[in-house]
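Undergrad: Okay, predicted coordinates and the sequence, questions at the end:
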Amino acid sequence: MASPDYIGNLDLRTWLPAIDNRHPFLPGSMMIGRLFRLFLLLAVLALILRWLLNRQQRQTVREFVRTLAIALLLSSLLMLGLSLAGIRL
């Protein structure tokens, strides 16, 4: 009977995920790196939009983004209120 770790010539033990033993220099520095990449991406997108669009189109994009930001704030306040009231969705 064959070992359960082998299928033909394929060693299943090599398919196990590796353990990540990297330790960041500062606790939470991985999150800072993610936030930096997000900020960099948004800055590049803003520069591209500024370069490609004329003034009226940029104003329309600004109004759209502002409306989305207000909707996000309102939905977060609604979820906070529901959470404080004990209602879980």
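TA: Arrived safely.
Undergrad: Quick check: buried residues in the longest helix along the chain?
TA: Longest helix of the chain, by residue count under DSSP state H: helix 55-84. Residues of helix 55-84 include none that count as buried (16 or more other C-beta atoms under 10 Å). Backbone N, C-alpha and C define where each C-beta goes, glycine included.
Undergrad: State the helix or strand in which residue 48 lies.
TA: Assessed by DSSP states H and E, residue 48 sits inside helix 29-52.
Undergrad: sorry, back to before: which strands and helices sit next to the longest helix of the chain?
TA: Where contact means 3 or more C-beta pairs under 8 Å, 6 or more residues apart in numbering; DSSP states H and E, helix 55-84 is packed against helix 29-52.
Undergrad: Can you give me the neighbour number for residue 88?
TA: Using other C-beta atoms under 10 Å, residue 88 has 6 other residues around it.
Undergrad: Check for me that it belongs to a strand.
TA: No. Going by DSSP: H, G, I helix; E, B strand; the rest coil, the assignment for residue 88 is coil, not a strand.
Undergrad: If I look at residue 33, what pLDDT would I see?
TA: For residue 33, the pLDDT comes out at 79.
Undergrad: swap in residue 89?
TA: Value for residue 89, per-residue pLDDT: 78.
Undergrad: thinking it is in contact with residue 82, fair?
TA: Yes. Contact criterion C-beta atoms under 8 Å: residue 89 and residue 82 qualify, at 6.7 Å.
Undergrad: OK, contacts around residue 84?
TA: Taking C-beta atoms under 8 Å, 6 or more residues apart in numbering as the contact definition, residue 84 lies against nothing.
Undergrad: Repeat that for the one 4 residues further on.
TA: Listed by C-beta under 8 Å, 6+ apart, the contact set of residue 88 reads residue 82.
Undergrad: can you tell me how far it sits from residue 73?
TA: 21 Å (C-beta to C-beta, to the nearest Å).
Undergrad: just residue 39 next, same as before
TA: 20 Å.
Undergrad: same check, this time on residue 67
TA: 11 Å.
Undergrad: about what we covered before: tell me what the helix holding residue 48 is packed against?
TA: helix 55-84.
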